[in-house]
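[1] got a sequence here, can you model it:
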Amino acid sequence: MDKNTLFKQVLEENKDRIYRICCAYERNQAERDDLYQEILINIWKNLEKFEGRSAISTWIYRIAVNTSLLHIQKENKRNSLKSDINENTLAVPETAAEDRENKIETGKKIDLLYECINQLSSLDRLIISMVLEDLSYKEIADVTGLTVSNTGVRINRIKKELFKLMEERGKNGN
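    So this is what the prediction gives:
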């Protein structure tokens with residue numbers, strides 16, 4: 001299979017996962033799009049180096065997470081003198097009032113979840129993003145280098161921490 005065909009196949013199979021990783025690391029839509037493109041470029045550049053020692057989806061995760069971490073480091077340096085990134089506005093199409101309210105509420109909960117995920121350590125963000133993708137504990141352990149049992153313990157702790165963060169933010173009206 002040639003590089004173009006393989007890249008298209010990998011992209012088709014992993015584009016949603018890659019985008020969700022971007023969402024976990026970047027709240028600003030324009031920056032998220034830039035990060036997504038950066039990840040795709042890194043996949044393209046390194047595609048011929050894939051050795052097949054793990055599933056290609058695991059390899060893609062590592063590239064996506066490593067690129068995201070580097071992106072965040074660059075952004076932190078650039079924005080060290082600037083204020084926090086503005087919140088994205090929630091664009092909801094005009095529908096029935098009840099449906100619109102449900103969409104707004106769901107959007108707020110998703111935004112809150114991603115804000116709380118952004119407060120986690122890099123490893124915890126990686127782990128929870130893979131949990132959200134329904135990866136097995138074994139697959140998560142392969143990516144992170146943790147044992148399967150340690151992965152399970154860590155996931156439970158992360159879930160508790162996210163629940164606590166979301167409750168605190170919800171009480172504070174954020």
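
[2] could you chop this protein up by domain?
    With domains defined by automatic domain parsing, the chain comprises 1-84, 89-174.

[3] could I get the ones you listed as a markdown table with mean neighbour count and mean pLDDT?
    (Each C-beta comes from the backbone N, C-alpha and C, glycine too.) A markdown table is the format used below for the domains of the chain (neighbours: other C-beta atoms under 10 Å; pLDDT from 0 to 100):
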| stretch | mean neighbour count | mean pLDDT |
| --- | --- | --- |
| domain 1-84 | 15 | 83 |
| domain 89-174 | 14 | 79 |
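
[4] hmm, who's touching stretch 60-71?
    For stretch 60-71, the external contacting residues (C-beta atoms under 8 Å, 6 or more residues apart in numbering) are 10, 14, 17-18, 21-22, 24-26, 31, 34-35, 38-39, 42-43, 46, 122, 126, 129-130, 143.

[5] setting aside sequence neighbours, what's the nearest residue to Arg17?
    In space, and not counting its chain neighbours, Arg17 is closest to Glu133: 5.3 Å by C-beta to C-beta, 6 or more residues apart in numbering.

[6] got the phi and psi for that neighbour?
    phi -90, psi 0 (degrees, to the nearest 10).

[7] surely it and Arg20 touch.
    Yes: under the criterion of C-beta atoms under 8 Å, Glu133 is in contact with Arg20, at a separation of 6.8 Å.

[8] list the contacts of Leu126.
    So Leu126 contacts 61, 65, 143-144 (C-beta under 8 Å, 6+ apart).

[9] keep only those of those that are in helices.
    61, 65, 143-144 (DSSP state H).

[10] what's the offset of the helix or strand containing Arg20 from the middle of its chain?
    Secondary structure assignment for Arg20, by DSSP states H and E: helix 3-25. Distance, stretch centre to chain centre, for helix 3-25: 12 Å (C-alpha atoms, centre = their mean, to the nearest Å).

[11] what do you get for stretch 153-160?
    The mean C-alpha position of stretch 153-160 is separated from the chain mean by 17 Å, C-alpha atoms, centre = their mean.

[12] need the nearest residue in space to the residue sitting nearest the centre point of the chain, chain neighbours excluded.
    With distances taken as C-alpha atoms, centre = their mean, Ile21 lies nearest the centre of the chain, 2.1 Å away. Nearest residue to Ile21 in three dimensions, chain neighbours excluded: Ala64, at 4.5 Å (C-beta to C-beta, 6+ apart).

[13] since that was my last question, I'll sign off now.
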